[in-house]
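Undergrad: Requesting a structural model of the entry that follows:
(2 chains)
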Amino acid sequence: MTRTFSLTRLRNGEAVAVADVASLPPVQFLQDIIDATDRGWRVASFFGVPTAAGATLWCVMATPAEGLLGIMRTEVEASFPSISRLVPQVHLFEREIAEQCGIIPDDHPWLKPVRFHRCFVPDRDAWGRRQADGIVVGAMEYFRVEGDEVHEVAVGPVHAGIIEPGHFRFQCHGEEVFHLEISLGYQHRGIEQHLLGGPHPTTLFQMETIAGDTTIGHTQAYAMAMEALSGTVPSARAEILRCIALELERLANHTGDLGALAGDVAYLPTASFCGRIRGDFLNMTALLCGSRFGRGLARPGGTGFDLDARQAGELLERLAAARADLENAVNLLWETQSVMARFEGTGQVARETAREIGLVGPSARACGIDRDVRRDHPFGIYGVNPVAVAMEENGDVCARAHVRWREAEASLSFIEEQLRQLPDGPVMTDPGPPAGGMVAVALTEGWRGEICHVAITDDAGRFARYKVVDPSFHNWTGLALALRNQQISDFPLCNKSFNLSYCGFDL
Amino acid sequence: MTDAVIHILLTLLMPPLLLGIIGKTKALFAGRVGAPILQPYYDLAKLLRKGSVFSDTTTWVFQAGPVVTLAATLTASFLIPLGEHRAPLSFSGDMVLFAYLFGLARFCTTAAALDTGSSFEGMGAAREATFACLAEPALFFSLAVLARLSGSLSLTPMLTGTVATSWLNSGASILLLGGSLFIVLLVENCRVPFDDPTTHLELTMIHEVMVLDHSGPLFGVILYGAAVKLFVLGALFTDIALPYATGITLVDWGLFIVAMLMLAIGIGVVESVMARLRIVKVPQMLAAACILAAFSLLLVLR
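TA: From the prediction side, this is the model:
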């Protein structure tokens, strides 16, 4: 029996009444996070809901043992003790709470805004900025290394390539990076603010665009949360279709990443081939729902589109062709010595570091951390039909590339298997309205890693808070640490090997 | 006289074609159609028609950089024999001038880069200067071998007539020399595996990052200058690698052009089949080039 501390137990995709969630004094709440993380639990989500006095802090934790999730809450006033020094994985969560609720985590080692927006509550601000002053994204002190021979390189937010905006500050000694600080927030759209009082007619579309390349991952999590709140059980056929779409999304992005990694070391053949094959996978998603990025497919209650036998057959044919092409293109990478010389040993993250900062997804698995929501907290069809979890040991660029390739292989096999045994039935079960006074937790394994959605409803069944955690939120710190003592010229390669989302982080 | 005219016309007109051929070769390897072979000419024409933007922090050094660089490279092109034809300009010791004209060009490029005060450009300038220091000995060892074999200190006698017989008499030495010069050719022209001319990642660039702030006609001048440099150093390499001549002037010019096109295809193939080196490995590769050339010299001195 796994010890659950004071946490209220629940399963992935389950809702419990808010009244049933353990409400602890702040000190015990924080001590429980510290103790639980010591015993293999992980913080999946940690956020505040502003109240008149301060805020209610909610924490969702996960452990692979027995597929358990735990949730608890506490009431705090203007400040609470920071535990970032003891539990490094909450450092960004605490900064986010400070920014959104205007309360201060005392003794936080690096208390800066996360996204540079106004507090959810007017007239409150953790940094004492007045309402009249404008907030300039990124305008705040940066970590500096002092010394005559140390120089600073600032990159972004406008980049030479067509990519999302982010600001990177390197403290360098010659070509060697001592420290990298990543400052984001340029893509902040206020998604969580808009979700208050929801679900609105626009909510589904906002979910689809939290991170455009993870449309299925986020809409699936949203659908699960809404189904939990309304007590809807989608049909097996709908569950399978959503999982097929999720794996197609993984395939497209992993393929694109492998190509981009090759492109970053100027290895053309794989770069070009993978660029095309990524398009093939996107087109397969389009075959499912008419959108290359899976817009309109996953919805609360099932899917917006069905797949007929002819389409399923065509999908199988296209998959077989794409698998052959992908194998050829990717094997070129492993067989080319000059490529391996660039990948191996670059941007290493130690397993212990990865565990402490709470990495998720392929980046965590590349460090030898056995962590995959599809197996640990199964959802959809994964409980019945598990997917092989790919793991590597080294935590370098090569490991992250290799994990991607093996996951792509596993996804191909999974989709083929599912398409052959697609059950009959409707694809949509009309979901009722969400129940009031409930909290639902939904975790999915998007291609970047764990996506966590937490929905809390008020008595009328409207969202009192809807918290989204994109895997990028956990992983950006990993990229910063991977760059320590590396060559600055290897940054683009390391960056690509993580390939994190800016808009998913910025919300 | 005809030779001199052809020499100048080829030097002025052919360089962008080499870039087009490299691009086309890489495209074919990647399974793409690729840009037209004449694309570099269109690019130059486009850039020359544009206006320029100059940062307030830059001075005349920034504008002089590209011009001096192109002038130095064009001057060097008069010293190099193309195929088996004499160079328009030739005197004893011109090989030293040849090598240091490129040094002057590099100085002006890096000075213009530093003039912007950008940390990127400073980083690129530091890399360029470091690698150039290591490539120079390799070039001089190679020239010393040729001087020893031909008994002359001028490029024209060094590269015409005697190379073919040198292949027969001291083939091993010339082979090592060719290897060394090919590495120098790639590093001086910022080709894969030392630099990636097509990258958009500013942190990995060497040459490209130094010219990030240039725009319009001056940027066109930089691109053209880089193409001429590839042509001149390419000619040095093909003079040694393919010293074949028929004695009929026009046929020999044809042979030279074919040799240059083959070299462009060769560079395209190298760029397609291998990844870029990690930047810390570049000096090691350049040291290898120096050692190759040094052994080549040892072989001919014995």
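Undergrad: From here on, just use CA atoms for contacts and neighbour counts.
TA: OK.
Undergrad: Please tell me how far the nearest residue to residue A:270 once chain neighbours are set aside sits from residue A:275.
TA: Residue nearest to residue A:270 in three dimensions, not counting chain neighbours: residue A:329, with 5.1 Å by Cα to Cα, 6 or more residues apart in numbering or on different chains. Remark: distance between residue A:329 and residue A:275 (Cα to Cα, to the nearest Å) = 10 Å.
Undergrad: Return every residue with contacts to both of these two.
TA: Here residue A:329 and residue A:275 share no contacting residue, scored by Cα atoms under 8 Å, 6 or more residues apart in numbering or on different chains.
Undergrad: about what we covered before: the residue nearest to residue A:270 - how many residues pack around it?
TA: Counted by other Cα atoms under 10 Å in any protein chain shown, the residues lying close to residue A:329 total 21.
Undergrad: Also residue B:59?
TA: Residue B:59 has 13 neighbouring residues, counting by other Cα under 10 Å.
Undergrad: if I pick the residue lying closest to it once chain neighbours are set aside, what's in contact with it?
TA: Excluding the flanking residues, the one nearest residue B:59 by Cα to Cα, 6+ apart is residue B:115, at 6.9 Å. Applying Cα under 8 Å, 6+ apart to residue B:115 gives the contacts B:57, B:58, B:59, B:61, B:62.
Undergrad: Using the record's domain definitions, break chain A down for me.
TA: With domains defined by automatic domain parsing, chain A comprises A:1-114, A:204-456.
Undergrad: which residues touch the residue in the stretch 1-150 of chain A that chain B sits nearest to?
TA: Closest contact between the stretch 1-150 of chain A and chain B, by Cα to the nearest Cα, is at residue A:150 (12.1 Å). Applying Cα under 8 Å, 6+ apart to residue A:150 gives the contacts A:171, A:172, A:173, A:174.
Undergrad: just checking, next helix/strand downstream of the least confident helix or strand in chain B by mean pLDDT?
TA: Least confident element among the helices and strands of chain B, by mean pLDDT, DSSP states H and E: helix B:162-169 (a mean of 82). Per DSSP states H and E, the first helix or strand lying C-terminal to helix B:162-169 is helix B:171-188.
Undergrad: list the buried ones in that next one?
TA: Using 16 or more other Cα atoms under 10 Å in any protein chain shown as the test for burial, helix B:171-188 gives B:172-188.
Undergrad: one step back: for chain B, state which of the contacts of residue A:150 is nearest.
TA: Closest to chain B, out of all of the contacts of residue A:150 and judged by Cα to the nearest Cα, is residue A:174, at 8.5 Å.
Undergrad: can you give me the helices in the stretch 301-450 of chain A?
TA: Secondary structure of the stretch 301-450 of chain A (DSSP state H, counting those that start in this stretch): helices at A:309-335, A:337-343, A:351-357, A:361-365, A:373-376, A:397-420.
Undergrad: Which elements pack onto the first one?
TA: Pointing back at helix A:309-335 there. Contacting helix A:309-335 under the criterion 3 or more Cα pairs under 8 Å, 6 or more residues apart in numbering or on different chains; DSSP states H and E are the following elements: helix A:236-264, helix A:268-289, helix A:337-343, helix A:397-420.
Undergrad: centre of the chain versus stretch B:72-81, how much separation?
TA: Mean C-alpha position of stretch B:72-81 versus that of the full chain (Cα atoms, centre = their mean, to the nearest Å) differs by 11 Å.
Undergrad: Need the mean per-residue confidence for that stretch.
TA: Across stretch B:72-81, pLDDT averages out at 94.
Undergrad: Now do the closest residue to chain A within the stretch 101-250 of chain B against residue B:64, distance only.
TA: The nearest approach of the stretch 101-250 of chain B to chain A comes at residue B:204, 4.4 Å away (Cα to the nearest Cα). The spacing between residue B:204 and residue B:64, counted by Cα to Cα, is 26 Å.
Undergrad: Just want to know which of these two has more residues nearby.
TA: residue B:204 (26 against 15).
Undergrad: OK, contacts around that one?
TA: Residue B:204 neighbours (Cα under 8 Å, 6+ apart): A:488, A:489, A:490, A:492.
Undergrad: And the pLDDT at it?
TA: 83.
Undergrad: Same check on residue A:2?
TA: Listed pLDDT for residue A:2 reads 68.
Undergrad: Which positions in chain A make contact with chain B?
TA: Within chain A, the positions near chain B by Cα under 8 Å from any Cα of the partner chain are A:152-154, A:160-161, A:262, A:264-273, A:336, A:338-339, A:341-342, A:487-492.
Undergrad: buried subset of those residues?
TA: Using 16+ other Cα under 10 Å, the buried ones in the residues of chain A next to chain B are A:152-154, A:262, A:264-273, A:338-339, A:342, A:487-492.
Undergrad: returning to that earlier point: deepest of the helices of the stretch 301-450 of chain A, which one?
TA: helix A:361-365 (a mean of 28; mean count of other Cα atoms under 10 Å in any protein chain shown).
Undergrad: Now do that helix: everything it contacts.
TA: Applying Cα under 8 Å, 6+ apart, the contact partners of helix A:361-365 are A:354-355, A:370-372, A:390-393, A:395, A:400, A:403-404, A:445-450, A:471, A:475, A:498.
Undergrad: again, but for stretch B:261-281
TA: So stretch B:261-281 is in contact with A:262, A:265-269, A:336, A:338-339, A:341-342, A:487, A:489-490, B:18-19, B:21-26, B:29-30, B:191-196, B:234, B:238, going by Cα under 8 Å, 6+ apart.
Undergrad: again, only this time at 6 Å
TA: Residues from elsewhere that reach stretch B:261-281 (Cα atoms under 6 Å, 6 or more residues apart in numbering or on different chains): A:265-268, A:338-339, B:18, B:22, B:25-26, B:192-194.
Undergrad: For these, work out which two are farthest apart.
TA: By the measure Cα to Cα, A:339 and B:18 form the most distant pair in the contacts of stretch B:261-281, at 26.1 Å.
Undergrad: what separates the closest residue to residue B:173 other than its chain neighbours from chain A, distance-wise?
TA: Counting by Cα to Cα, 6+ apart, the nearest residue to residue B:173 once its immediate chain neighbours are dropped is residue B:296, at 4.4 Å. With the distance defined as Cα to the nearest Cα, to the nearest Å, residue B:296 ends up 27 Å from chain A.
Undergrad: Please tell me the pLDDT value assigned to residue B:296.
TA: As predicted, residue B:296 sits at a pLDDT of 92.
Undergrad: which ones are touching it?
TA: By Cα under 6 Å, 6+ apart, the contact set of residue B:296 is B:173, B:176, B:177.
Undergrad: same question, residue B:175
TA: Counting by Cα under 6 Å, 6+ apart, residue B:175 touches no other residue.
Undergrad: Please tell me how far it sits from residue A:68.
TA: Distance from residue B:175 to residue A:68, by Cα to Cα: 68 Å.
Undergrad: Then residue A:198?
TA: 28 Å.
Undergrad: picking that back up, using JSON lines, please lay out the contacts of residue B:296 together with pLDDT and distance to residue B:265.
TA: Compiled in JSON lines, the contacts of residue B:296 are given as follows (pLDDT from 0 to 100; distance: Cα to Cα, whole Å):
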{"residue": "B:173", "pLDDT": "89", "distance to residue B:265": "25"}
{"residue": "B:176", "pLDDT": "92", "distance to residue B:265": "21"}
{"residue": "B:177", "pLDDT": "91", "distance to residue B:265": "21"}
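Undergrad: what does the stretch 51-200 of chain B have sitting close to chain A?
TA: By the rule Cα under 6 Å from any Cα of the partner chain, the part of the stretch 51-200 of chain B lying against chain A is B:119, B:200.
Undergrad: Could you tell me how many residues sit around residue 226?
TA: Here I'm looking at chain A. 28.
Undergrad: Chain B was what I was after
TA: 22.
Undergrad: I'd assumed residue B:60 was in contact with residue B:116.
TA: No - using Cα atoms under 6 Å as the test, residue B:116 is too far from residue B:60 to be in contact (10.9 Å).
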